[in-house]
Each structure stands twice: as C-alpha cells, then as structure tokens.
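Participant: this is a predicted model, with the sequence first.
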Amino acid sequence: MDELLSIGDFSDRCGLSAKMLRSYAAAGLLVPAAVDGSSGYRYYSTAQLHRARIIALLRRAGIAVDQIAMFFANPDAVQLDCWDRAIVSESTARRQALAQARAALALAHAPPTAQPEASMKGAEVSHAYVTGTATHIGGRDTNQDAVLVSDDLLAVADGLGGLQRGDVASRLALDTLDAAFAADRSISGLLTAGREANRAVWRQANGQDATMGTTLAALALTSDGAAVVLHVGDSRLYRFRAGRLEQLTHDHTVIADLIRAGELSEEDAHTHPYRHVLTRAIGVAPEVDIDYAGVTCEPGDRLLLCTDGLFNALSLDQLNIVLASDAEPQKSADQLVTSAVECDAEDNVTVLIIDVH
Ligand code: MN
C-alpha cells in the first residue's frame, strides 16, 4: 500500500492548497484515498501526487475544473494541443484589440488642423513624396531582403537568415501585401493584407515542408487619409524631422524586450547571444500579431524604412549625417548602403527613403 499523507503534507508536496484539495474532492476530480472513520480526516496516497501535480499545472494554464475532470476521463496529449491553440488564439485576439486601440489613439492625436496625412494622399497630390531605394548583399551568400515601392505602399522585408528560402518568404510577403492592399486601401484593408501576407508565407512553407519567415515593415497611405505603419519583426521605420532621427517602430526581438524591461543596456545588446532572435515574424505560424500605428508626416519629413543590416552596421550618428544632407532620396539611399558595406555589414542591407513634399 502506498504511503498515506495528511491533507497538509499532501498539499505541501503537490502545491495545491488544502482548500483547493477539498473543492477538487467535492468535484470528484481528486478524491482522498482514505478518510479516518472517527475523526473525518482525509488522507491522500503518494500515488495521487502525480495526478495532483498535473491538476495544479492545468489550473495554472487557466483550464476550468470541469474540463480537467473530463480530460482525466480520457487523458490524451491531443487535448493539451487543443488548449494550447485556444490560448494562443485568445491571446492573439486580445493583443490585436490592444494594437487597434493603440493605433486609434495615435490617429486621434494627429493634429487636426495640419492634416499632414491628407497631404500625402497620392490621389490628391500626385507628387507629394519621392522615394529612393537601395539594397546590398553585405557579407552573406544570398540577399534575402526585399523592397516594395507600389501605389501608396512602401515596404521592406528581411527573409529570416537561419531559415530555408528566406528570399522567397520576403518577396512573397511583399507581393501578397501589395495585391491585398490594392483590393482594399482602408486601414482595416491594410491589416487584412498583413494577415494575408502571413498566411501566404505560412502556406508556402507548409506546402514545401520547410520553415520560412520574414520581417515586414510597411508604410501605407490609406483611403481613410492616414499614413499607417505596419510591422512585424526587427525591420524599422524612422522619421527624420528637424535634424532629429526618431525610431517609430519597436523591434519584436528578445533583446528589445529585455531593454524595455530594464534588464539589458543598449551597449550590451550588441553582443548578446540572442541579439538576432525575433519574438514575432511573418510566416512562422498561421496567425501573427501585427503592430500598426498612425504616422504623422509633414512636408520636409524624411522617412526611412530599413532592414537590420543597416542599423547593425551604422550608428545613429552615422544615419543622421547621411539623412541630414539635402541629397535626393535615391542618392541618400545609395549612400546609406555604401556606408554600411564600407563598415563591413555582415548582413543584407536594404533601405527605402521617402521624402515628404
Ligand atoms: Mn537582416
């Protein structure tokens, strides 16, 4: 016979409180192995610790007691996968709602009198902005970056270096985004286009039994009259205004999370072993959280979309110096890439400059 434990000892060893144990006993989920006939004390057997620990873990995962009881009727890891998917999709939906709230807030704060976004609408002012792009293979064997200059849609994508066919992933993401945004140019159409880009890469990867992924950073002028940035991963959007360079996107990387949490300094980040590890990417799962926000643009602003090859090779001061020149965007784009290559860029380097007129 297994050793019998008092409810207190059993509670200490399985991590469930005595109160919880009583409620699970009442629910028939974990019934004491023995009860003292005279005192009414409950005893659990050591063999029940295993089940108790699983219950504790499932409760911590937020699974309801009645669902756990059903699970033990037929314990199968398939059910765990089911719960896992439900948690991911619930958290995705909640985070998307938060991102939408954040974007709505940013759009509401755009200055109402200047209406800078409207001045960038291609339909009203045909030459409201001028672009320049440049890309270079850097120190890699292939260039897995891609760039898109389309009708009021500007984007860069960085196919994931460690994964197979990163070049296919980055191109496919941008082409899918382009086609889907052309069909619906509203803000919600842009978000749908982002999700379609993710699904297109995900489907392609599954079809080839490969892992594919890419970052995505896009600036779109929507039919709602807003300039909107959409991004996943560590490609960035900067705005150069009045001599100051401001990063408008927040990287989805492990180190960016650590820096935000105050657990890592910017200096130490350059040598951190996880410095290239993304927390979000396009095409590695059927759904992805996409960040988006309104961007205020004024005549004279210079916007820069770029892949990490650029800002890992050049310091902010170096970026500032090139962007501050009066050169045409194409010239400045070429110069940024040349400077990065001269600084021995290890990675592919891609830039897209947008001068707002
Ligand atoms: Mn890169």
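Facilitator: Cool, got the structure. Residues are numbered from 1 along each chain as shown.
Participant: for the residue of the chain most remote from its centre, give me phi and psi.
Facilitator: Among residues of the chain, the one most distant from the C-alpha centroid is residue 38; the distance is 60.1 Å, by CA atoms, centre = their mean. Per-residue torsions, residue 38: phi -90, psi -40 (degrees, to the nearest 10).
Participant: one more: residue 239?
Facilitator: Dihedral angles for residue 239 - degrees, to the nearest 10 - are phi -120, psi 130.
Participant: that one and residue 305 touch, don't they?
Facilitator: No - if you go by CB atoms under 8 Å, residue 239 and residue 305 don't touch, sitting 10.6 Å apart. For the C-beta atoms, the positions are set from N, CA and C on the backbone; glycine is no exception.
Participant: would you map the strands across the chain?
Facilitator: With strands called from DSSP state E, the chain shows them at 4-6, 34-35, 42-45, 129-136, 145-150, 153-158, 216-221, 227-232, 236-241, 244-247, 291-294, 302-306, 349-356.
Participant: can you list contacts of the fifth one?
Facilitator: This means strand 145-150. 131, 133, 135, 154-159, 167, 170-171, 173-175, 177-178, 181-182, 214, 218, 307, 309, 348-350, 352 (CB atoms under 8 Å, 6 or more residues apart in numbering).
Participant: can you check the third one too?
Facilitator: Contact partners of strand 42-45, identified using CB under 8 Å, 6+ apart, comprise 1-7, 10, 21-22, 25, 30, 32-36, 52.
Participant: now with 6 Å?
Facilitator: Contact with strand 42-45 is made by 2, 4, 5, 7, 10, 32, 33, 34, 35, as judged by CB atoms under 6 Å, 6 or more residues apart in numbering.
Participant: just name the closest of those to residue 251, please.
Facilitator: The nearest member of those to residue 251, counting by CB to CB, is residue 10 at 46.7 Å.
Participant: separation between the closest one and the ion?
Facilitator: Separation of residue 10 from the ion (CB to the ion, to the nearest Å): 53 Å.
Participant: count of residues packed around that residue?
Facilitator: Residue 10 has 24 neighbours, counted by other CB atoms under 10 Å.
Participant: which residues are in contact with it?
Facilitator: By CB under 6 Å, 6+ apart, the contact list for residue 10 reads residue 44.
Participant: now do residue 17
Facilitator: residue 11.
Participant: what pLDDT does it get?
Facilitator: With respect to pLDDT, residue 17 scores 92.
Participant: residue 93 too?
Facilitator: pLDDT for residue 93: 72.
Participant: so how far is the ion from the residue positioned nearest the centre of the chain?
Facilitator: Geometric centre of the chain, nearest residue: residue 280, 3.4 Å, by CA atoms, centre = their mean. Going from residue 280 to the ion by CB to the ion gives 15 Å.
Participant: just give the number of residues close to the closest residue to the ion within the stretch 151-300 of the chain.
Facilitator: The ion sits closest to residue 158 of the stretch 151-300 of the chain, with a gap of 4.2 Å, by CB to the ion. The tally of other residues near residue 158 (other CB under 10 Å) stands at 31.
Participant: next one: residue 245
Facilitator: Residues near residue 245, counting by other CB under 10 Å, number 16.
Participant: and the stretch 151-300 of the chain, which residues reach the ion?
Facilitator: residue 158 (CB under 5 Å from the ion).
Participant: any low-confidence regions in the stretch 151-300 of the chain?
Facilitator: 161-164, 209 (pLDDT under 70).
Participant: between residue 239 and residue 305, which is the more surrounded one?
Facilitator: Counted by other CB under 10 Å, residue 239 and residue 305 do not tie: residue 305 has more neighbours, with 28 against 21.
Participant: find the nearest non-adjacent residue to the more buried one, please.
Facilitator: Distances taken as CB to CB, 6 or more residues apart in numbering put residue 352 closest to residue 305, at 4.2 Å, once the chain neighbours are dropped.
Participant: tell me the contacts of residue 216?
Facilitator: With CB under 6 Å, 6+ apart as the criterion, the residues that contact residue 216 are 157, 173, 232, 282.
Participant: bridging residues for it?
Facilitator: Assessed by DSSP bridges, residue 216 has beta-bridge partners residue 232.
Participant: picking up where we left off before, out of the strands of the chain, which is closest to residue 89?
Facilitator: Going by CB to CB, the one of the strands of the chain nearest residue 89 is strand 227-232, 17.3 Å.
Participant: quick one: the helices in the chain, in order.
Facilitator: Using DSSP state H, the helices of the chain run over 7-14, 18-26, 49-60, 65-73, 77-108, 116-119, 166-183, 187-207, 254-260, 266-269, 308-313, 316-324, 329-342.
Participant: among those helices, which is the most enclosed?
Facilitator: Among these, helix 308-313 has the highest mean neighbour count (mean count of other CB atoms under 10 Å), at a mean of 24.
Participant: helices or strands next to it in the packing?
Facilitator: The contact analysis (3 or more CB pairs under 6 Å, 6 or more residues apart in numbering; DSSP states H and E) places helix 308-313 against strand 349-356.
Participant: burial check on residue 39, number of neighbours?
Facilitator: Using other CB under 10 Å as the criterion, residue 39 is surrounded by 7 other residues.
Participant: typo on my end, it should be residue 274
Facilitator: When neighbours are counted by other CB under 10 Å, residue 274 comes out with 14.
Participant: my guess is it contacts residue 253. True?
Facilitator: No - with contact defined as CB atoms under 6 Å, residue 274 does not reach residue 253; the gap is 7.8 Å.
Participant: that older thread, grab the nearest non-local neighbour of the residue nearest to the centre of the chain.
Facilitator: That would be residue 252: by CB to CB, 6+ apart, it lies 3.9 Å from residue 280.
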